[in-house]
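Q: This is a predicted model, with the sequence first.
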Amino acid sequence: MCMGQRIYAGAEQPSDVSIGFQERLGATVALDAALRGEDGTPLTLRQLIRTPTILALVYYNCPNVCDYLLIGIAGALKSLTADPGRDFQVITVSIDEQERPVDARRAKRIALESIEKPFPPSAWRFLTGSGASVRALADSVGFRFARRGEGSFDHPVGLVILSPEGRIVRYMPGADFLPADLRLSLLEASQGRVGPTIARLVRMCFSVEPEGHKIVFRTLQVVGAVTLSTAGLLVVYLVLAGRRRRRSGSGGQLT
């Protein structure tokens, strides 16, 4: 079972919940965890990470949400103007130690085809690893998951954005992403800025048009929010001004 909604952060995570993201902003990912490339070559993240990196933990034989996550990444990458491999890269790692490079190659082929434009294969790596290595990597980014029977896992869904030094700078929960969200997160990662992303504001102001896959400014929502905020400030001003006038009037009366 894949879980896309149970996502928790830091101290807000209930003590009795073991599945979700426990944000570790500013921490360094497990750079030396022993992993395998799509061709089975041993490697580590230290060897790969040289640029802002989108990290996704999934398992390649996941029956539902993992596929949506990979398709969501591909859809966002299709609209990015940044140069893959130079300005950013994507690394996907399987949390299932039983999966092999052949599973990684299959998932990679589908993901690259989903981008629907030329994309350098070296800029999106699909890795596997032993149980110990996967756990070390997951723990380093606060990705808390559990096996549920043979070939099934409960796990959170989302992305971890890393700086070129491998520091965790952003979390992007969910399985669908606006290109603007990703662009801002990668820009902040390139600058080493750690903290809640301003891309959340972008998601409030923009939406994706399903048919055309275009970013659309949410005019009504934004105008409505601004109007309500302005009205609220006006009410507060009138209340405070009224209180000042009453105090001024009381101070001027003869006793």
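A: Thanks, I have it. Residues are numbered from 1 along each chain as shown.

Q: how about the strands of the stretch 101-250 of the chain, start to end?
A: Secondary structure of the stretch 101-250 of the chain (DSSP state E, counting those that start in this stretch): strands at 124-129, 143-144, 146-147, 153-154, 158-162, 168-173, 206-209, 214-217.

Q: Name every strand pairing with the fourth one and say which way it goes.
A: Here the strand partners of strand 153-154, with direction, are listed using DSSP bridges: strand 146-147 (antiparallel).

Q: just how off-centre is the partner strand within its chain?
A: Distance of strand 146-147 from its chain centroid, counting by C-alpha atoms, centre = their mean, to the nearest Å, is 21 Å.

Q: now stretch 51-66
A: 11 Å.

Q: Please enumerate the helices of this structure.
A: With helices called from DSSP state H, the chain shows them at 45-48, 65-79, 101-115, 131-140, 179-190, 199-205, 219-251.

Q: For the strands of the stretch 101-250 of the chain, give me TSV that also has mean pLDDT.
A: Listed next are the strands of the stretch 101-250 of the chain as TSV, based on pLDDT from 0 to 100:
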stretch	mean pLDDT
strand 124-129	97
strand 143-144	94
strand 146-147	88
strand 153-154	87
strand 158-162	95
strand 168-173	92
strand 206-209	46
strand 214-217	46
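
Q: Those strands: which one's closest to Ala27?
A: Ala27 lies closest to strand 168-173 among the strands of the stretch 101-250 of the chain, at 5.3 Å (C-beta to C-beta). All C-beta atoms are positioned from the backbone trio N, CA, C, and that covers glycine.

Q: Adjacent strands (with direction) for that closest one?
A: strand 158-162 (antiparallel).

Q: The strand it pairs with to helix 179-190, inter-axis angle?
A: For strand 158-162 against helix 179-190, the angle between stretch directions is 30 degrees (axes from the mean of the first three to the mean of the last three C-alpha atoms, to 10 degrees).

Q: about what we covered before: rebuild the strands of the stretch 101-250 of the chain as TSV, extending it with mean neighbour count and distance to Leu77.
A: Formatted as TSV, the strands of the stretch 101-250 of the chain follow (neighbours: other C-beta atoms under 10 Å; distance: least, C-beta to C-beta, whole Å):
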stretch	mean neighbour count	distance to Leu77
strand 124-129	24	8
strand 143-144	22	21
strand 146-147	14	30
strand 153-154	18	25
strand 158-162	24	12
strand 168-173	22	13
strand 206-209	15	14
strand 214-217	12	15
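
Q: Using a markdown table, please lay out the ones you listed together with distance to Asp181.
A: Supplementary listing: these in a markdown table, determined by distance: least, C-beta to C-beta, whole Å:
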| stretch | distance to Asp181 |
| --- | --- |
| strand 124-129 | 18 |
| strand 143-144 | 19 |
| strand 146-147 | 28 |
| strand 153-154 | 25 |
| strand 158-162 | 10 |
| strand 168-173 | 7 |
| strand 206-209 | 9 |
| strand 214-217 | 10 |
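
Q: Of those, which is nearest Leu184?
A: For Leu184, the closest of the strands of the stretch 101-250 of the chain is strand 168-173, at 9.0 Å, according to C-beta to C-beta.

Q: now that closest one: how far from the chain's centre is it?
A: For strand 168-173, the distance to the chain centre is 5 Å (C-alpha atoms, centre = their mean).

Q: Stretch 94-103 now?
A: Taking mean C-alpha positions (C-alpha atoms, centre = their mean), stretch 94-103 and its chain are 22 Å apart.

Q: Please identify the buried residues of it?
A: Residues of stretch 94-103 classed as buried: Ser94, Ile95, Asp96, Glu97, Glu99, Pro101, Asp103 (neighbour count, 16 or more other C-beta atoms under 10 Å).
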